[in-house]
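Chemist: Generate a structure from the sequence data that follows.
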Amino acid sequence: MNLKQLKSFVLVLALATFGISKVSAQSAAYVDKYSPIAKEMMEEHGVPASVILAIAMHESGNGGSRIAKNLNNHFGVKGKNRSTVIRSAYKGYRSVLDSYDDFVGIVKRKKTTQSLFEKHPGEKYEAWVKAIARSGYSTSRDWTAKVFLKRSNYIILICLITIPSKINSRQQKNKHDIIA
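Modeler: Sure thing, here's the model as predicted:
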């Protein structure tokens, strides 16, 4: 069993044990696959990685929506596309990374979020989500609550994914100590 399979097994076991039904295997796979991009965006631009991922997870259905699959659009951004597979009012991207880049660019251009880049880069996730909502990013009344829920699920997933890695690294260190 490789490390990726072990992480998935531990996650499924934890979900079954703790009854965290809202956190799906699809969410876990999304976090595992795209958290490095979100972290890179946070380091480069200042938008918290948890906010980026929570919005992407919500808007793309954990990467499973037709828009995400066919247009690489993980943020529900409207615009032109050249798809011959689906007809859509959503923007098409060459890659998922381009979608993430465009989202951060949109957030940077919004007046309601500009001060956060200076005052709270990488922190105060609540302020970020509320400012993005106020900017007109979504017209849904419960969008903010849904993004907060996705972020909570993301935090749970990060804990479940990183704890086995830390245990494994400690075991490897202890193994070295015993051998040495």
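Chemist: ok, now which ones touch residue 102?
Modeler: 75, 77, 91, 93 (CB atoms under 8 Å, 6 or more residues apart in numbering). Every residue, glycine included, has its C-beta placed from N, CA and C.
Chemist: what about the first one, neighbour count?
Modeler: It refers to residue 75. 23 (other CB atoms under 10 Å).
Chemist: Start at 470, not 1
Modeler: All right, first residue 470 from here; so that's residue 544.
Chemist: separation between it and residue 587?
Modeler: Distance from residue 544 to residue 587, counting by CB to CB, to the nearest Å: 23 Å.
Chemist: Likewise for the third one?
Modeler: Per CB to CB, residue 560 is found 28 Å from residue 587.
Chemist: Those two: who's more crowded?
Modeler: It is residue 560, of residue 560 and residue 587, that has more neighbours when counted by other CB under 10 Å, with 19 against 8.
Chemist: Tell me the predicted confidence for that one.
Modeler: Looking at residue 560, its pLDDT stands at 96.
Chemist: Equivalent analysis for residue 509, please.
Modeler: For residue 509, pLDDT reads 94.
Chemist: Name the next helix or strand following the host helix or strand of it along the chain.
Modeler: Assessed by DSSP states H and E, residue 509 sits inside helix 494-514. Scanning forward in sequence from helix 494-514 by DSSP H and E, the next helix or strand is helix 518-529.
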